[in-house]
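*Asks:* how would this look folded up:
(one chain, ligands or ions: 2)
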Amino acid sequence: MRGYYFITDAGLSRSGNISDVKAALAAKVEIVQYRDKHKDTKELFIEALKLRAICQRIKFLINDRVDIALAVEADGVHLGREDLSYRVARRLLGKKRIIGLTVHNIKEALAAEEEGADYIGVSPVFATLTKFDAGRPCGTGLIRMIKKRVSLPIVAIGGIDLLNGGEVVRAGADCICAVSAVVAKRDVKREIERFQELF
Ligand code: TZP
Ligand code: MG
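*Replies:* Ligands and ions are numbered 1, 2, ... in the order given. Below you'll find the model as predicted:
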């Protein structure tokens with residue numbers, strides 16, 4: 001697991017999730033996460049099904065919703081503290097599917113590894129306007145600390161752009177995700193390629 005990690009954001013997108021995900025595939029991303037905090041269950045299911053069909057050869061994850069992940073046969077989920085617990089999600093999803101957990105500090109990172117998470121999302125690295133309840137920025141120092149003590153792949157997220165992205169990779173992030181710095185741009189493929197060059 002290494003490189004740019006793509007997350008959809010229909011609110012920031014200029015041409016919609018389907019077009020953005022196609023651009024992400026053209027930019028050779030290996031992971032796409034479908035994230036939408038506004039749609040109802042039926043709308044989520046219908047769009048996730050379309051995205052699953054597009055993302056056949058890469059990892060396709062669903063944010064928050066284990067039920068949608070199962071319904072569209074996604075490769076896994078990304079869960080935060082307000083979502084189903086790791087244990088319950090693992091029971092529902094089985095051993096093979098990917099479960100990524102958001103962590104905000106070293107204690108949570110160690111606990112995520114102990115539980116069996118497949119990767120951790122370290123969040124938010126910097127201040128972000130994209131997620132209003134993201135919490136306090138942890139900075140790249142936390143990434144360095146986690147890298148030393150936890151062997152899970154690290155996905156860094158929150159306030160990352162092309163100016164600070166290099167620092168995040170040097171701190172030890174295996175993947176970086178930059179939502180507004182990519183999805184709100186006119187040429188999504190080109191922006192992702194710029195992030196890929198940081199690795
Ligand atoms: N999770 C933690 S921060 C965040 C998510 C989904 C938003 C990141 O967006 P941006 O625009 O890259 O700061
Ligand atoms: Mg969540």
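*Asks:* residue boundaries of the strands in the chain?
*Replies:* 3-7, 31-34, 59-63, 76-79, 98-103, 119-122, 154-157, 175-177 (DSSP state E).
*Asks:* Export those strands to JSON lines and append columns for mean neighbour count and mean pLDDT.
*Replies:* (C-beta placed from N, C-alpha, C; glycine too.) JSON lines is the format used below for these (neighbours: other CB atoms under 10 Å; pLDDT from 0 to 100):
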{"stretch": "strand 3-7", "mean neighbour count": "25", "mean pLDDT": "98"}
{"stretch": "strand 31-34", "mean neighbour count": "26", "mean pLDDT": "98"}
{"stretch": "strand 59-63", "mean neighbour count": "23", "mean pLDDT": "99"}
{"stretch": "strand 76-79", "mean neighbour count": "25", "mean pLDDT": "98"}
{"stretch": "strand 98-103", "mean neighbour count": "24", "mean pLDDT": "98"}
{"stretch": "strand 119-122", "mean neighbour count": "26", "mean pLDDT": "98"}
{"stretch": "strand 154-157", "mean neighbour count": "26", "mean pLDDT": "98"}
{"stretch": "strand 175-177", "mean neighbour count": "24", "mean pLDDT": "98"}
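*Asks:* who wins for proximity to residue 199 among the ones you listed?
*Replies:* strand 3-7 (5.5 Å; CB to CB).
*Asks:* The closest one near ligand 2 at all?
*Replies:* No - Strand 3-7 does not reach ligand 2 (CB under 5 Å from the ion); its nearest approach is 11.4 Å.
*Asks:* Please name the bridge partners of residue 31.
*Replies:* Beta bridges link residue 31 to residue 5, residue 59 when assigned by DSSP bridges.
*Asks:* From residue 23, how far out is the residue nearest to residue 111 when sequence neighbours are not counted?
*Replies:* The shortest distance from residue 111 to any non-neighbouring residue, by CB to CB, 6 or more residues apart in numbering, is to residue 103 (8.0 Å). Separation of residue 103 from residue 23 (CB to CB, to the nearest Å) stands at 29 Å.
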